[in-house]
Structure formats: C-alpha cells, structure tokens
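*Asks:* got a predicted model here, sequence first, then my questions.
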Amino acid sequence: MPGHDDARPFPEDVVAGVLAHMNGDHADDSLVICKALGERPDAIAAVMTGFDDRVAIFDVTVPEGAVEMRFEWDRPVNDRTDVRKAVVAMFRDAQARLGINPA
C-alpha cells in the first residue's frame, strides 16, 4: 500500500474472512464509520476493501462518485481478534461523533 511500505499484511484467508464479514454483516456499520471518521455525512454506501496492521481501507460512494478512505487503527493490530476490537472501537467512536446511541 502506498505510504505503508513497512506495514505488515495479514494472510489472505484472514483478509478475505474479515472483508466478507464486514461487507456481508456490517455494511451499515462501515457506512457509519465513513460518514463520521471520514467527515462525509453525505456518503451513501461503504465497502471495506482491505486492511493491514496500520489502517482499514474503504471504498465509499458519495454524491460525486467513489472515494477511498483510510483510517489508522487506534491500537496495535496483529491478528484477527485485534482487527475485530479495532473495528468495534472505530465504530463506537463514529457513533459518538454522530450522536448515535449504542443499541
């Protein structure tokens, strides 16, 4: 990934599993993350397209087309469990910024 030459990638099966889960079960959560943390309240869709030990990457649909958004993790991310915890933290932060009460 540009700008992250020393970033550590995850095994392909871990990336595929996380992306399938996020895009299949949590597409609305990804949209909340991108609206709040990407400062794009006009976003209408978001798809997680990748991640490494430093960032989560989303393709986001906005009125003028598609944009890529990258968000740095707020904690060390070394395995699938860490990714889950970091995504949940990112989502909770996004909820707070948007004034959404957790369910």
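*Replies:* Cool, the structure landed.
*Asks:* okay but Cys34 is in contact with Arg40, surely?
*Replies:* Yes. Using Cβ atoms under 8 Å, Cys34 makes contact with Arg40 at a distance of 6.1 Å. Using the backbone N, CA and C atoms, a C-beta is placed for each residue, glycine as well.
*Asks:* hey, what's in contact with both of these two?
*Replies:* 60, 69 (Cβ atoms under 8 Å, 6 or more residues apart in numbering).
*Asks:* ok, the two, which is more surrounded?
*Replies:* Cys34 (26 against 18; other Cβ atoms under 10 Å).
*Asks:* for that one, which three-state class applies?
*Replies:* Counting by DSSP: H, G, I helix; E, B strand; the rest coil, the backbone at Cys34 sits in helix.
*Asks:* can you give me the distance of it to Ile100?
*Replies:* 14 Å (Cβ to Cβ, to the nearest Å).
*Asks:* could you do Ala89 as well?
*Replies:* With Cβ to Cβ as the criterion, Ala89 and Ile100 are 15 Å apart.
*Asks:* and for Arg40?
*Replies:* From Arg40 to Ile100 the distance is 16 Å (Cβ to Cβ).
*Asks:* ok, Val32 next?
*Replies:* 7 Å.
*Asks:* which residues do these two both contact?
*Replies:* Ala94.
*Asks:* more neighbours: those two, which one.
*Replies:* Remark: of Val32 and Ile100, Val32 carries more neighbours, 21 against 13, as counted by other Cβ under 10 Å.
*Asks:* the more buried one against Gly99, yeah?
*Replies:* No. Between Val32 and Gly99 there is no contact, the gap being 11.3 Å when judged by Cβ under 8 Å.
*Asks:* what ranges do the strands span in this structure?
*Replies:* With DSSP state E as the criterion, the chain has strands at 45-51, 55-62, 65-72.
*Asks:* what lies in contact with the last one?
*Replies:* Looking back up the chat, that one is strand 65-72. Here strand 65-72 has contacts from 33-34, 37-38, 40, 46, 49, 54-60, 90, using Cβ under 8 Å, 6+ apart.
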